[in-house]
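Novice: Model the following, please.
(4 chains)
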Number of protein chains: 4
Amino acid sequence: MVIILEKNATEVQIKNVIKHLEDYGFEIHQSQGVERTILGAIGVQPNFDTRKIKILEGVSDVYRVTSPYKLASRSFHEDNTVIKIKNVEIGSQNISLMVGPCSIENEAQIFRLAEVVAKSGVKILRGGAFKPRTSPYSFQGLGEEGLKLIRQAADQFNLLVITEVMQIDHIDMIYKYTDILQIGARNMQNYSLLKELGKVDKAVMLKRGIAATIEELLMSAEYILASGNKNVILCERGIRTFEKYTRNTFDLSAIPVIHKKSHLPVIADPSHATGIRDQVPPMARAAVAAGADGIMIEIHDDPENALSDGPQALLPDTYLNLIAELKLIATAIGRTLE
Amino acid sequence: MVIILEKNATEVQIKNVIKHLEDYGFEIHQSQGVERTILGAIGVQPNFDTRKIKILEGVSDVYRVTSPYKLASRSFHEDNTVIKIKNVEIGSQNISLMVGPCSIENEAQIFRLAEVVAKSGVKILRGGAFKPRTSPYSFQGLGEEGLKLIRQAADQFNLLVITEVMQIDHIDMIYKYTDILQIGARNMQNYSLLKELGKVDKAVMLKRGIAATIEELLMSAEYILASGNKNVILCERGIRTFEKYTRNTFDLSAIPVIHKKSHLPVIADPSHATGIRDQVPPMARAAVAAGADGIMIEIHDDPENALSDGPQALLPDTYLNLIAELKLIATAIGRTLE
Amino acid sequence: MVIILEKNATEVQIKNVIKHLEDYGFEIHQSQGVERTILGAIGVQPNFDTRKIKILEGVSDVYRVTSPYKLASRSFHEDNTVIKIKNVEIGSQNISLMVGPCSIENEAQIFRLAEVVAKSGVKILRGGAFKPRTSPYSFQGLGEEGLKLIRQAADQFNLLVITEVMQIDHIDMIYKYTDILQIGARNMQNYSLLKELGKVDKAVMLKRGIAATIEELLMSAEYILASGNKNVILCERGIRTFEKYTRNTFDLSAIPVIHKKSHLPVIADPSHATGIRDQVPPMARAAVAAGADGIMIEIHDDPENALSDGPQALLPDTYLNLIAELKLIATAIGRTLE
Amino acid sequence: MVIILEKNATEVQIKNVIKHLEDYGFEIHQSQGVERTILGAIGVQPNFDTRKIKILEGVSDVYRVTSPYKLASRSFHEDNTVIKIKNVEIGSQNISLMVGPCSIENEAQIFRLAEVVAKSGVKILRGGAFKPRTSPYSFQGLGEEGLKLIRQAADQFNLLVITEVMQIDHIDMIYKYTDILQIGARNMQNYSLLKELGKVDKAVMLKRGIAATIEELLMSAEYILASGNKNVILCERGIRTFEKYTRNTFDLSAIPVIHKKSHLPVIADPSHATGIRDQVPPMARAAVAAGADGIMIEIHDDPENALSDGPQALLPDTYLNLIAELKLIATAIGRTLE
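Specialist: Below is the predicted model:
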């Protein structure tokens, strides 16, 4: 921790700051600049609340030296984490796709779409059975019945399943049917849920909250990692800004930033980031070009009657054209997509 | 719902839009403007996804006519909701204070602070036993032991208790010790939790998420109301913006806006909004002047050793001076504060 | 400047960083922490681009020690700046009001409103003759004719004038008619304009840009101060956030923050911050309670036919009631308002 | 314009709203919904302030039917605008690059970099002679001397020039030396400047303000178009959000949105959007993949000694590698880049 004193801080104030730091367990290095005194507080306390020093008389600014997350950081684990689930690797040189409907609606729907997914060469099927909806009056998902259907469809076409878990007492049930457990954006800081998912021996995909900084996303990943689960995948799905013509602002620069700060793989979700079908292909292409380790895409073969998020679902034909483009872009940047 | 067609929409496109609307159950009124056709879609479907129409060919814009929340709206319930708990009323002409430490730390601390609160004439004691912390390595609260302590302290000084609930399987336990259950900002869209708290027969205070719009706050309130609990209190505690000199931006204009849109009482929390002690008094004064129905304030008599958020806690003396100022401002705008 | 090295920075990297710093003219203090090396770079270079060091191999973070503004900072000038214009003081214990229409529309209008202003005891008349409008097809102001009218109206009722200047080649003309030159939010970073206004011997009120940080506002004030004009007034008028129910989010915590960082007076403008008439009174009250040195309010006696911003103008009666409330709040916090 | 009345609006209120609309020159269509009355106000008044109706008693919401810009809209001009300057086309199927240093620093520098640009096959040289800097103490550009140098360097290597204009009284001078006049983000709403550039017979590139919506960008373009200059190029360069790990958030979804709403070409500037060298290549690739009509990139062969923005400049070698990747991505999406 580095403490910058005020230009006109008195000797008494500086001594008081030093005393506090020593009481908190730090060792102190003092430097005298042209105009100000600077204190270096030595000692690893990653969750020390720097405001404790900032409010002392004579203090101008306080900066943390160590990042507040550890297990999630690249300095802790230099190589990329590659997560292996059956025959699939996430975080390798290959770009993974996760494709399927927003919600599982009925047996015929999920089997038809699983077939589209499998035929396109994709290995992971997405689909929600428990849906976090802004309105209490909206469709809330099929529940366990939906989980059974997506598992059967996935098994039939030799696919992995990813589906969302919203509450602790659902974890055991969902665990039985899925390969990857997804934490939605609204639950990114539901710490009780994060801790419990840290005890599970399946991969967890953590979506960035709509107003979460990248640092907070990594802190939430740290909760899962610290509870024992090393198989954490991150997901960028758009952040909230003042812009009104798009549902969210897709923060693609988060991809190279996370790759620099962390060893965990990053998936991009252009369907939720944009919310409108015709923006999904350009943004999916941009996400691959920016270096995403995977892309999550919603598709539907009857979007006008979809029970949720139909307007952002791609039709199968558009989807197949998009896959072809994404493969070319992957090649252009020296990766594969299959 | 109102649908604005593109200037150059064709007859075929317009007919297709009308057919879709009719299939979704709406009755149609068609108007011809100078440059464009406008369709009025009549029928109450508050959670209809307007994007379903927006993506049709020839459609320029779609606007919802009914607000997406109902039970929370002023048009559903014209008079202010006043919540009565024992001898306390929240939402009346009197402004309620909720005061206490961030975390319950030990018996002596909560009893000392409860005494400060009671002597200042305030009737509601705040204090956290389960703490949502950004870092998994930070103090997470005393748990049920803390709940017992705050209840004993409150009873000794004849105070009500407000404390936070973070997960469904804690509700029954926390219910036994508290008068008001608080939902923190990070859980504002934890719909599973909201639904369960809608079944409880005690008041619930719902904090606005750090990046939630006022409309989303009211939608989350709707979840609680629709599950049967009418005693919902809202709380503004700062939103996230680009400004770096403050922890959050305290959105005080939310207070008159909520009063216009909804009948529910609104509390303001300047301690979390600003995050720094010396900004709490001016912002508490501003919140009263803006029309808040209550103010939540964190205090501590040894903030340097507080286990959480010490830097934003007021010292008892500063707190007592502030109360005196707040009373004068309440009088200036024709309200009381006691 | 403080430089935090990466945990695994090599000796060669550290030496390279030190060499760069020395080449840039800094003297170096090196500290060894438990996990990392920290460098203190001593030497005052307030506008040094810290990214130059941040991109070097082995560097984790770089923090500036000196604030990037000097003349605007409280550490340069400890006492509040009080600006005296004829018999008016801005920045003293008294709270100044600046009241009038958005635009000067015609002789009768500005004289009628000047009379309302004067009778309410207020000493500064506002009114725009050159209007920055989002649409090129909107009313752009009366130009010099408007300036003549507002000057005549102000002289008749013994008022000061504040009006906006949008471009350099208008400064001489506007100078003749006004007492305070206003720089609008859209021009806060029009540095050419700021430099020229720094050469003028009348007070300048600088409005915060819609997405400017407080630090950037102070940097823009620094442009004016550095060009020689010490009479700078700052103005908070709302910032842009994701919230849709208000035009802007009125950042009232900017008031105590600016008072801490700077010696310059701060005015609050609730009319532009909210954009809707019925939110102006609660937000004006809140601004006084938060410690603003002045309030700018738009009034109109025929807002339905106003040529600009009628919907945010208060009617004279509402305005007079508000003034009475503001006086009571000023008294409550130990200030006057006259 | 469409007006939604309150559920409990009275007959008197509705008649009053209709009277106001008629007085403002609209013709009225009235529709009766299940719960509410809806009014369609027919008549083209693109800059009508909808708040005038919103504040009337009984009105719930008001929506504009026509977009506030006209000449910039795709419905006014269906085909893409292609701007031809000598042998270069901007806005065609080919993607244009604009490359060069942030600032022109001296003769040798601009000639060396112009040579790099020309050898890479790029046809437009960028470089600033008048620089808008946050600090008054930073390098402000070489002025006219810089303009002369960039023109000579461009002529030597057969390149076009793009450079920024900051104030009206510089337009004539800059016009002599440049092919495209650039308006910086800070001046996007400097309407006086926009109007004057509308009278110029050379192309203008308008950068999006750091907190401007896409609609406001198009409104500012409308100022230039309405003054007579049809050769307007738009530029996305990052917007301000709460994220702290990047300088700005690069809003790439603005590209497909602008292509839908407008016929004007869109350039993307990853150098300013990210502010850090190692994020420029992934974001440049993403911008091409998202459909940008051009990319603006800053390069420098001695970035450590650059007088401005060195940390975001690419070294020539990195730049040449990037160009090769961008060409492959352009091919992948069916475009060319040369």
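Novice: what's near enough to touch residue A:300?
Specialist: Contact analysis of residue A:300 by C-beta atoms under 8 Å, 6 or more residues apart in numbering or on different chains lists A:101-102, A:113, A:306, A:310, A:313-315. Placement of C-beta: from N, CA and C, glycine included.
Novice: now what about the helix or strand harbouring residue A:99, what contacts it?
Specialist: Element membership of residue A:99, judged by DSSP states H and E, is strand A:94-100. With C-beta under 8 Å, 6+ apart as the test, strand A:94-100 has contacts from A:88-90, A:110, A:113-114, A:116-117, A:120, A:122-127, A:150, A:162, A:267, A:288, A:292-299, A:319, A:323, A:326, A:330, A:335-338.
Novice: just stretch A:15-31 next, same as before
Specialist: The contact list for stretch A:15-31, computed with C-beta under 8 Å, 6+ apart, reads A:1, A:3, A:5, A:37-43, A:45, A:48, A:52-53, A:56-59, B:304, C:29, C:31, C:38, C:40, C:42.
Novice: circling back to that earlier point, chain center to the strand holding residue A:99: distance?
Specialist: Relative to its chain's centre, strand A:94-100 lies at 15 Å (C-alpha atoms, centre = their mean, to the nearest Å).
Novice: Give me the angle between the helix or strand following it and strand A:94-100.
Specialist: Downstream of strand A:94-100, the next assigned helix or strand under DSSP H and E is helix A:107-119. Computed with axes from the mean of the first three to the mean of the last three C-alpha atoms, to 10 degrees, the direction of helix A:107-119 lies at 160 degrees from that of strand A:94-100.
Novice: Alpha carbons only: can I get helix A:107-119 in CSV?
Specialist: Taking Å, rounded to 0.1, in the frame of the first residue of the first chain, the C-alpha atoms of helix A:107-119 are listed here in CSV:
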residue,chain,number,x,y,z
GLU,A,107,-39.3,-31.8,-26.0
ALA,A,108,-39.7,-31.2,-29.7
GLN,A,109,-38.1,-27.7,-29.6
ILE,A,110,-35.0,-28.7,-27.7
PHE,A,111,-34.4,-31.8,-29.8
ARG,A,112,-34.8,-29.9,-33.1
LEU,A,113,-32.4,-27.2,-31.9
ALA,A,114,-29.9,-29.8,-30.4
GLU,A,115,-29.8,-31.3,-33.9
VAL,A,116,-29.0,-28.0,-35.5
VAL,A,117,-26.2,-27.4,-33.0
ALA,A,118,-24.7,-30.9,-33.4
LYS,A,119,-24.8,-30.7,-37.2
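Novice: Report the buried residues of that helix.
Specialist: By neighbour count on 16 or more other C-beta atoms under 10 Å in any protein chain shown, the buried set for helix A:107-119 is A:109-114, A:116-118.
Novice: Excluding sequence neighbours, find me the nearest residue to residue A:160.
Specialist: residue A:179 (4.2 Å; C-beta to C-beta, 6 or more residues apart in numbering or on different chains).
Novice: Report how many residues lie close to the one you found.
Specialist: Residue A:179 has 19 neighbours, counted by other C-beta atoms under 10 Å in any protein chain shown.
Novice: Quick one: buried ones out of the contacts of stretch A:15-31?
Specialist: By neighbour count, with 16+ other C-beta under 10 Å, these hold A:1, A:3, A:5, A:37-43, A:48, A:52-53, A:56, A:58-59, C:29, C:31, C:38, C:40, C:42 as buried.
Novice: Show me those that map onto strands.
Specialist: Within the buried ones among the contacts of stretch A:15-31, residues falling in strands by DSSP state E are A:3, A:5, A:37-42, A:59, C:29, C:31, C:38, C:40, C:42.
Novice: burial of the closest residue to residue A:222 other than its chain neighbours, as a residue count?
Specialist: Leaving out its chain neighbours, the residue that sits closest to residue A:222 by C-beta to C-beta, 6+ apart is residue A:69, at 4.3 Å. As a burial measure, residue A:69 scores 27 neighbours (other C-beta under 10 Å).
Novice: Next: residue A:19.
Specialist: Using other C-beta under 10 Å, residue A:19 has 12 other residues around it.
Novice: what's the spacing between it and residue A:9?
Specialist: Using C-beta to C-beta, to the nearest Å, we find residue A:19 at a distance of 14 Å from residue A:9.
Novice: and if you look at residue A:209?
Specialist: Counting by C-beta to C-beta, the gap from residue A:209 to residue A:9 is 38 Å.
Novice: if you average pLDDT over the strand holding residue A:99, what comes out?
Specialist: For strand A:94-100, mean pLDDT is 98.
Novice: Name the strands paired with it and say parallel or antiparallel.
Specialist: When sheet partners are counted by DSSP bridges, strand A:94-100 sits next to strand A:124-126 (parallel), strand A:294-298 (parallel), strand A:336-337 (parallel).
Novice: right, and these - which one's nearest residue C:138?
Specialist: For residue C:138, the closest of those is strand A:294-298, at 41.5 Å, according to C-beta to C-beta.
Novice: Can you tell me what sits against that closest one?
Specialist: With C-beta under 8 Å, 6+ apart, strand A:294-298 has contacts from A:90, A:95-102, A:126, A:233, A:235, A:237, A:265-272, A:280, A:284, A:287-288, A:309, A:312-314, A:319, A:322, A:326.
Novice: Centre of the chain to it, how far?
Specialist: Relative to the mean C-alpha coordinate of its chain, strand A:294-298 is positioned 13 Å out (C-alpha atoms, centre = their mean).
Novice: and of the ones in strands among the buried ones among the contacts of stretch A:15-31, the nearest to chain D?
Specialist: The shortest approach to chain D among these belongs to residue C:42, at 18.6 Å (C-beta to the nearest C-beta).
Novice: and the nearest residue to residue A:105 once chain neighbours are set aside, how far is that from residue A:146?
Specialist: Closest residue to residue A:105 apart from its sequence neighbours, by C-beta to C-beta, 6+ apart: residue A:307 at 5.2 Å. Separation of residue A:307 from residue A:146 (C-beta to C-beta): 11 Å.
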